[in-house]
Structures are given as structure tokens and as C-alpha cells.
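Asks: structure for this input, please:
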Amino acid sequence: MWFLIVSGVLISLLTQRCVECGSCKEAKLCCPGRDSSCVVQKAPINAIIEDLSDKPCYCDHACLKLGDCCDDFKQACGVVDCQVTPWGVWSTCDTDCGPGMMSRSRSIQIQPQNGGRHCPSLQQRRGCHVSDCHHHQDAAIREIAMLLPGSLSHIRRANDTSDIRRNLRLKDPSEHPEHDPEREYCVEFEILKASKACRKEPSFKSLREGERVCVKCESEALRKDLGWRCQGHGVEGKTTRWTALSAPHCHGKWLRVQEANKDCSPKTCQDEHAFIFV
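Replies: Numbers count the residues shown, from 1 in each chain. Here you go, the predicted model:
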């Protein structure tokens, strides 16, 4: 008789464990947020846990972060993770010559539901470099213009002196045509892109997307090896690059909107939008 009773108890316990053996569906549990009472006991409460598979599991949404969900939690509670498409192909480099950027994207196929895993990033960017620049007739498109504020122009002549013995380099332009003022010119650009660091630099804050700036090529910056012009003066209709010499984190892209000319009278050449080539 006692044997039958004990056997019945064991069968009852085994049956109870089978019904609640880590199943939210069988336990009819599905709780929002974090709820410690939303638990499935795989073994009797006072039993000694000898096997990790006998540890309690949970059917509340916090278990997704804590990693202690019952095996069927997502299916039983309608939890859907975000699903995205595979990555698309990389775009072409966004510059015709030199360093640039390329990107690729993917889209969301299924939105997350009921606490499911959030969607990952949908955009990726990486650097690129176009070295095949020989198809550009003007080598200027490969150059990066180095800029200083126009207010520093006078410093270039700060050491001028009337003593010809101490200043022969500037007093004989026939011997040093790179310092011939007659060769000076101005170029106007439209800013296409500017790094955020430019906003923190008072001297370069006017370098904002959509703004037009004037850059003067002074005689001291003329380069004989470039055909008596300034480095980085751009090519009309082509995107080129610039950087602020005294603030290297300030850089970007621009488009030359005016041919190089000696007329430096426009407003952009006179106010805070004026710069000089280095």
C-alpha cells in the first residue's frame, strides 16, 4: 500500500515537472516588463538543483536582457526580433581624384515587436582613394588648398624694410618673379562640405556649407613648379578639397565658381569670408 502511495507521489511530481519543464506556453505565463513572479519552476521549490537545466526560467520581457528566458518565450509571447536585408553594394567613391568616402546601406524587413531585438545600423561608410587621376588635364584637382584667414595677409610683409641690403629678395622682382604683385589673383568658392570643428574656430566659422568665400593668391604663395599659381586653387566645375592650416581638424570640400582673376573687389574678398592661400 505504501509503495503505491509513494509511486503515485513520484508520478505526480514527474508529471508536474513535465508540464512546467521550461515552457511558458504550458505554464500560461507571459508578462510585460520585469516580473520576478513570472517564473517557471522546473524542479520543486525546495529541491536541490544538481543540473543547470533544472534552474528556473522566466517568461517576462526582462529575461531577454538577463538571458534567463524559457526556451519557448519568444514564440509563446510573440516576441519578434528586427530583421534586416543583406548589405547592398558599396557606392562609388564620392571624389574624382584623391581621398573620399563610399557607403552602403540595408533596409528593415521586419520591425521588432513585443520587446524584440532592436534594429542594427542601416548605413556604413568607409574611406576610399582614387589614384587614377591621369584623365584630369588639370593637376590642380588633386591638390588640397591650405588656408589662413585673410586678416593675416599683412604679416607676410611685416618684415619688409627699406634697407635693400636686408631685403633683396623682395626688392628685385625680376630675379624673384614669384613675388611679383602683378601675378596676384583671387578665386571664389562655394563650400560643399565643412567639418564640425570649423564651427569652433572663430577665424574659420564662415566656412559653412552653402557659403561663398574668396581666397586670394598672394605673390608670396605663388609656386613656380605649378606655373606661377597657388596650390589648391581648384578647377572650375570640379570638387576639390581644402583645410585650415592653423586648425587641421577644420577641413572640407568646395567648388570653384569663378575663374581666377585679378578682381579682388567683391564683398566676399573684403569681409570675414576672405582667406589667403598658403
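Asks: show me where the stretch 1-150 of the chain has its strands.
Replies: Listed in chain order, the strands of the stretch 1-150 of the chain (DSSP state E, counting those that start in this stretch) span 39-40, 57-58, 83-84, 98-105, 108-110, 123-130, 144-149.
Asks: and the pLDDT at residue 213?
Replies: Per-residue pLDDT puts residue 213 at 90.
Asks: which residue, other than its chain neighbours, is closest to it?
Replies: Spatial nearest neighbour of residue 213, excluding adjacent residues (Cβ to Cβ, 6 or more residues apart in numbering): residue 273 at 4.6 Å. All C-beta atoms are positioned from the backbone trio N, CA, C, and that covers glycine.
Asks: how much space separates residue 30 from residue 73?
Replies: Between residue 30 and residue 73 the distance, using Cβ to Cβ, to the nearest Å, works out to 8 Å.
Asks: neighbour-wise, which of these two wins?
Replies: Remark: of residue 30 and residue 73, residue 73 carries more neighbours, 26 against 17, as counted by other Cβ atoms under 10 Å.
Asks: any idea how far the nearest residue to the more buried one once chain neighbours are set aside lies from residue 273?
Replies: Leaving aside its sequence neighbours, residue 73 sits nearest to residue 24 (Cβ to Cβ, 6+ apart; 5.2 Å). When Cβ to Cβ is the yardstick, residue 24 and residue 273 sit 66 Å from each other.
Asks: settle it for me: which of those two has more neighbours?
Replies: Between residue 24 and residue 273, counted using other Cβ under 10 Å, the more crowded position is residue 24 (26 against 20).
Asks: surely that one touches residue 59?
Replies: Yes. Counting by Cβ atoms under 8 Å, residue 59 is a contact partner of residue 24 at 4.0 Å.
Asks: okay, and the common contacts of these two?
Replies: 30, 40, 70, 73, 76, 77 (Cβ atoms under 8 Å, 6 or more residues apart in numbering).
Asks: with adjacent residues omitted, what lies nearest to the first one?
Replies: Counting by Cβ to Cβ, 6+ apart, residue 77 is the residue found nearest to residue 30 once chain neighbours are left out, at 4.1 Å.
Asks: check contacts around the residue nearest the centre of the chain.
Replies: Closest to where the C-alpha atoms of the chain average out (Cα atoms, centre = their mean) is residue 125, at 7.1 Å. By Cβ under 8 Å, 6+ apart, residue 125 lies in contact with 101, 102, 103.
Asks: that one and residue 192: what is the separation?
Replies: Distance of residue 125 to residue 192, computed by Cβ to Cβ: 17 Å.
Asks: just residue 114 next, same as before
Replies: Residue 114 is 45 Å from residue 192, where distance means Cβ to Cβ.
Asks: show me the helices in the stretch 1-150 of the chain, by range?
Replies: In the stretch 1-150 of the chain, the helices defined using DSSP state H, counting those that start in this stretch lie at 2-19, 24-27, 63-66, 73-77.
Asks: average pLDDT across the longest one?
Replies: Pointing back at helix 2-19 there. Mean per-residue pLDDT for helix 2-19: 43.
Asks: same check, this time on stretch 71-91
Replies: 87.
Asks: list the buried ones in it?
Replies: Residues of stretch 71-91 classed as buried: 72, 73, 74, 76, 77, 79 (neighbour count, 16 or more other Cβ atoms under 10 Å).
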